[in-house]
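Asker: I would like to see how this sequence folds:
(one chain, ligands or ions: 2)
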Amino acid sequence: MTTPQENARLEQIKRTWQQKRQITERLSTIKTKIGVYSGKGGVGKTTVAVNLAATLAQEGSKVGLLDVDIDCPNVTKVLGITEKADYVNGQIVPAEKWGVKVISMSFFQENEEEAIIWRGPMIHNAINQFLQSTDWGELDYLVVDMPPGTSDSPLTVMQTLPMDGFLVVSTPQELANIDAKRCINMIRKLNLNVVGIVENYTGEVFGQGGGENLAKEVGAPYLGALALRSAYQDNTRPTSLLDSEVGEEYAHLVDGLKKSLKEMGREPA
Ligand SMILES: Nc1ncnc2c1ncn2[C@@H]1O[C@H](COP(=O)(O)OP(=O)(O)OP(=O)(O)O)[C@@H](O)[C@H]1O
Ligand SMILES: [Mg+2]
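Answerer: Ligands and ions are numbered 1, 2, ... in the order given. Sure thing, here's the model as predicted:
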């Protein structure tokens, strides 16, 4: 005879197992999953995630963009998406813009200003729900805009979504990259890959070189610099599609990323 407590525990284990199986099934139609990550907020993660996704799509890949920056989801704002994701037969259908399928935590926010202060288990549940219910279809790449830092949120995302590798966004200033080093350590502690490091805000104002030095120090591929430019002020479309110089920077980043994935034994699409 099993006690009610034992029954409840068995039910819980069964549910967790089913959830895991469902997530694995869902993600099986996605070839490569890349997390865009940084040690600090505001270094340009969302910008890099959006422009990377748009460039991959422009080059002919099937691309999805998942915004799991739970506290501060703003991919939809950057992409100018006003509609929400659709719910069809119990499945979430991503919104689409610039050839990229998009799912954001902000779709599930009541209003834009609402602060999302979630604790670990709730974040875990929300991400699981996303991953279980979203119908991405066949994708070559899923680009994931990660929450910054080494707190609960990024850790939960890393443990729930099995990423092929992380693209770390750093800055030209060496001192600011102490946090980047910390987050690279976290990725490696979880036995995950750093697919490369990109330096953002390069130029006269902040200088250059921090990203490349960081890459050398941690033994990760350096995938190039993205200059600080006024072109990013125009948000009618992703800057990589708007400005040819930015387009070139991103084409170079995509080349490096694919090469690095290949070297890691993850065949890119
Ligand atoms: N290379 C660049 N040149 C000029 N402006 C940029 C560049 N990269 C990003 N920005 C701008 O800097 C601001 C912050 O960028 P973004 O929102 O991508 O950072 P983030 O790391 O995602 O921030 P958060 O941690 O808050 O999510 C945005 O207004 C963006 O347009
Ligand atoms: Mg962001």
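Asker: gap between the helix or strand containing I123 and the chain center?
Answerer: I123 belongs to helix 120-133 when assigned by DSSP states H and E. Taking CA atoms, centre = their mean, to the nearest Å, the mean C-alpha location of helix 120-133 is offset from the chain mean by 15 Å.
Asker: now do that helix: which elements does it pack against?
Answerer: With contacts taken as 3 or more CB pairs under 8 Å, 6 or more residues apart in numbering; DSSP states H and E, helix 120-133 sits against helix 4-27, strand 91-93, helix 152-160. Where you see a C-beta, it was placed from the backbone N, CA and C, and this is true even at glycine.
Asker: buried ones in the shortest one?
Answerer: Neighbour-count burial for strand 91-93, with 16 or more other CB atoms under 10 Å as criterion, is recorded at I92, V93.
Asker: helices or strands up against it?
Answerer: Counting contacts by 3+ CB pairs under 8 Å, 6+ apart, strand 91-93 is packed against strand 86-88, helix 120-133.
Asker: tilt between the longest one and helix 152-160?
Answerer: When you say that, I think you mean helix 120-133. Interaxial angle, helix 120-133 versus helix 152-160 (axes from the mean of the first three to the mean of the last three CA atoms, to 10 degrees): 40 degrees.
Asker: give the next helix or strand downstream of helix 120-133.
Answerer: Sequence-wise, the next helix or strand downstream of helix 120-133 (DSSP H and E) is strand 139-145.
Asker: direction included, what does that next one pair against?
Answerer: Strand 139-145 has the following sheet partners, assigned by DSSP bridges: strand 30-37 (parallel), strand 63-67 (parallel).
Asker: point out the most buried one among those.
Answerer: Of all the strands paired with strand 139-145, strand 63-67 carries the top mean neighbour count, a mean of 27, counting by mean count of other CB atoms under 10 Å.
Asker: just how off-centre is the helix or strand just after that strand within its chain?
Answerer: Tracing the chain C-terminally past strand 63-67 and defining elements by DSSP H and E, one meets helix 75-79 next. For helix 75-79, the separation from the chain centroid amounts to 13 Å (computed by CA atoms, centre = their mean).
Asker: equivalent analysis for stretch 42-61, please.
Answerer: Mean C-alpha position of stretch 42-61 versus that of the full chain (CA atoms, centre = their mean) differs by 10 Å.
Asker: flag every buried residue along that stretch.
Answerer: Neighbour counts over stretch 42-61 (16+ other CB under 10 Å) mark 43-58, 61 as buried.
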